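Visitor: I need the structure of the sequence given here:
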Amino acid sequence: MITPAYCQTMARYNAWQNKGLRDMIAEMDRDALYLDRGAFFGSIMGTLNHLLWGDTIWISRFDGGQGPDPSIKDSVDFTPTPAVWAGERFKMDARIKLWAERVSAIDLVGELSWHSGAMNRDFTRPIALCVMQLFNHQTHHRGQVHAMLTAMGQRPNDTDLPFMPEDF
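Guide: Model prediction:
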């Protein structure tokens with residue numbers, strides 16, 4: 001279904017896209033970042049926090065490391081400030097890249113079982129599908145952030161995979 005090369009490419013893509021967002025967020029007005037814009041998680045920061053929270057849950061299922069404590073309803077407040085978010089986002093992107101560099105084809109075979117607090121039930125799904133969910137979830141919510149930024153007159157970086165710099 002997927003390969004280690006897919007994981008590595010998507011981990012690089014994730015880091016590239018989030019670098020662009022970190023750079024933009026650092027320059028933006030705090031009120032603009034927290035304004036409820038009608039997105040599923042409200043604001044730009046609410047959406048970015050939810051995405052970081054989701055990445056933390058998924059990667060902890062893959063690498064066995066620390067996962068988040070708060071529930072999905074608390075995910076919009078996962079970090080207290082844009083600066084803290086930027087630091088945590090940088091570390092999470094490095095964690096995802098490190099996992100992707102180490103993953104082997106056999107690691108992507110089999111099933112993963114977990115309890116979903118959001119759905120309040122247990123799940124078992126193919127590991128490869130869960131890995132695709134990690135990267136799909138990122139793209140989905142970054143797309144929402146991209147739309148919110150564009151609507152407010154900002155110009156986010158290009159999002160096309162073929163234009164990803166080689167150094168990511």
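
Visitor: Please enumerate the strands of the protein.
Guide: Under the criterion DSSP state E, strands of the chain are mapped to 111-116, 121-126.

Visitor: The ones you listed into TSV, with extra columns for distance to Leu35, mean pLDDT and mean neighbour count?
Guide: Heads up, the C-betas are built off the backbone N, CA and C, glycines and all. Shown next, in TSV, are the strands of the chain (distance: least, CB to CB, whole Å; pLDDT from 0 to 100; neighbours: other CB atoms under 10 Å):
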stretch	distance to Leu35	mean pLDDT	mean neighbour count
strand 111-116	30	94	12
strand 121-126	34	97	11
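
Visitor: now these as TSV including distance to Asp160?
Guide: TSV is the format used below for these (distance: least, CB to CB, whole Å):
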stretch	distance to Asp160
strand 111-116	30
strand 121-126	28
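
Visitor: With Asn18 as the reference, name the closest of these.
Guide: Asn18 lies closest to strand 111-116 among those, at 24.1 Å (CB to CB).

Visitor: tell me what that closest one is packed against?
Guide: Using 3 or more CB pairs under 8 Å, 6 or more residues apart in numbering; DSSP states H and E, the elements in contact with strand 111-116 are strand 121-126, helix 127-151.

Visitor: quick one on the thing from earlier: and of the strands of the chain, who's closest to Ala86?
Guide: Nearest of these (CB to CB): strand 111-116, 28.2 Å.

Visitor: and the closest one, how far from the chain's centre?
Guide: For strand 111-116, the distance from its own C-alpha centre to the chain's C-alpha centre is 19 Å (CA atoms, centre = their mean, to the nearest Å).

Visitor: what does stretch 94-105 give?
Guide: Distance, centroid of stretch 94-105 to centroid of chain: 15 Å (CA atoms, centre = their mean).

Visitor: got it, and stretch 94-108?
Guide: In terms of CA atoms, centre = their mean, the centre of stretch 94-108 is set 16 Å apart from its chain centre.

Visitor: residues contacting the residue nearest to Leu51 when sequence neighbours are not counted?
Guide: Take Leu51 and drop its neighbours on the chain: the residue closest to it by CB to CB, 6 or more residues apart in numbering is His141, 4.3 Å away. Contact analysis of His141 by CB atoms under 8 Å, 6 or more residues apart in numbering lists 41, 47-48, 50-51, 54.
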